[in-house]
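S.K.: Dropping a prediction and its sequence here:
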Amino acid sequence: MSNITIKKNLLFLTLFLLTCSAHAKNCGVIGTTYPIAEADLRQIIQERLLTLQQNGELSKLQNKFNQDVDKKMDRPQAVVGLKRTNEPHTRLFDPSMQFPYDIKNSDGQIVVPKGTMINPLDTVLLNETLIFYNADDPEQVTWAKQLDQQLKGKDKLILVKGSIIEQIKLFKKPLYFDQEGRLTKRFNLKQVPALISQQGNRLKIEEVQP
C-alpha cells in the first residue's frame, strides 16, 4: 500500500471519528446509548465502527472519501477572478523587493539595512518561460502545447483550472497548479492564457489570445 493511500485512509478515519463524535445526528444512533456522564466515548465509537463495518456502510463511506480526495488532488479549486484573454496586453513587471527589517550576519553586524531594495533579476536569471493557462479550455491547451514545442521544453506550465493528471499525460512533463492564485495575484494577472519571461531586470508579462 502506498504512503498516499495510507495517509488518505488515516485522514478518512480521523475525520470520520471526529464527525461521529461532534455531530452524532449525521451518523445515526448505532449501539447502546448512555447518559453523558457515564458514556465511554471509545466504546461508543468502536460500536459504531463495528456496526458500519458489518453492514458495509464504512467501506462505502471510505470509498467516497477516497474518491473526493483524489478528485481534489487532481483538480484543485480553480483560481478565481481570471477571464479568458479577449484584449491582449503586454507590460513589464519590476520584481524588486524591499526588506522590512535589517539582515544581520552571525556577528550581529547589519549586512542589508532595513528598507533596502533588491531586484533578484540582477543576480539570478529566469531561464524558463512561465505559461499560465486554463486546461478546461481546449484552445488554451492547444496554444500551450504549441508554445511548449516552440520553446523546446524550456518553460514551466502553470494551471489555473483543470485536471493535473490529464495535462501531465498530454505534455509528458511535470507541471504546476497556482494554488489559491498566489502567482496570479503576485503578477496581477487578469486574463489567461498568459506568459512571463525575463527582459533585462524586468519580467515581461503577456496576456495573449490563444
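M.R.: Alright, I've got the coordinates.
S.K.: Contacts for stretch 162-170, please.
M.R.: Stretch 162-170 is contacted by residues 73-76, 78, 134-136, 141, 145, 157, 159, 174-175, 177 when judged by CB atoms under 8 Å, 6 or more residues apart in numbering. The way it works is simple: take the backbone N, C-alpha and C, and place the C-beta from them, glycine included.
S.K.: let's go with 6 Å and repeat that
M.R.: Applying CB atoms under 6 Å, 6 or more residues apart in numbering, the contact partners of stretch 162-170 are Asp74, Arg75, Ala135, Asp136, Leu175, Phe177.
S.K.: Please give the element, helix or strand, for the fourth one.
M.R.: Element membership for Asp136, per DSSP states H and E: none, as it lies in no helix or strand.
S.K.: try the one 4 residues further on
M.R.: Counting by DSSP H and E, the element that carries Gln140 is helix 138-150.
S.K.: mean confidence score for the following helix or strand past that helix?
M.R.: Next helix or strand after helix 138-150 toward the C-terminus (DSSP H and E): strand 155-161. Here strand 155-161 scores 96 as its mean pLDDT.
S.K.: helices or strands next to strand 155-161 in the packing?
M.R.: Packed against strand 155-161, as judged by 3 or more CB pairs under 6 Å, 6 or more residues apart in numbering; DSSP states H and E, are the following elements: strand 129-134.
S.K.: Sheet-wise, list the partners of the strand it packs on with their directions.
M.R.: Taking DSSP bridges as the criterion, strand 129-134 forms sheet pairs with strand 155-161 (parallel), strand 194-199 (antiparallel).
S.K.: Generate JSON lines for these, with mean neighbour count and distance to Asn127 as supplementary columns.
M.R.: Formatted as JSON lines, the strands paired with strand 129-134 follow (neighbours: other CB atoms under 10 Å; distance: least, CB to CB, whole Å):
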{"stretch": "strand 155-161", "mean neighbour count": "22", "distance to Asn127": "10"}
{"stretch": "strand 194-199", "mean neighbour count": "19", "distance to Asn127": "8"}
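S.K.: Would you mind getting the angle between the helix holding Gln140 and strand 194-199?
M.R.: 30 degrees (axes from the mean of the first three to the mean of the last three CA atoms, to 10 degrees).
S.K.: picking that back up, ok, the contacts of stretch 162-170 vs Thr116, which is closest?
M.R.: Phe177 (33.3 Å; CB to CB).
S.K.: Leaving out sequence neighbours, find the closest residue to that closest one.
M.R.: Closest residue to Phe177 apart from its sequence neighbours, by CB to CB, 6 or more residues apart in numbering: Leu159 at 4.7 Å.
S.K.: Next: Ser96.
M.R.: Closest to Ser96 by CB to CB, 6+ apart is Asn119, at 4.3 Å.
S.K.: Can you find the helix or strand of the protein with the lowest average pLDDT?
M.R.: helix 24-27 (a mean of 44; mean pLDDT, DSSP states H and E).
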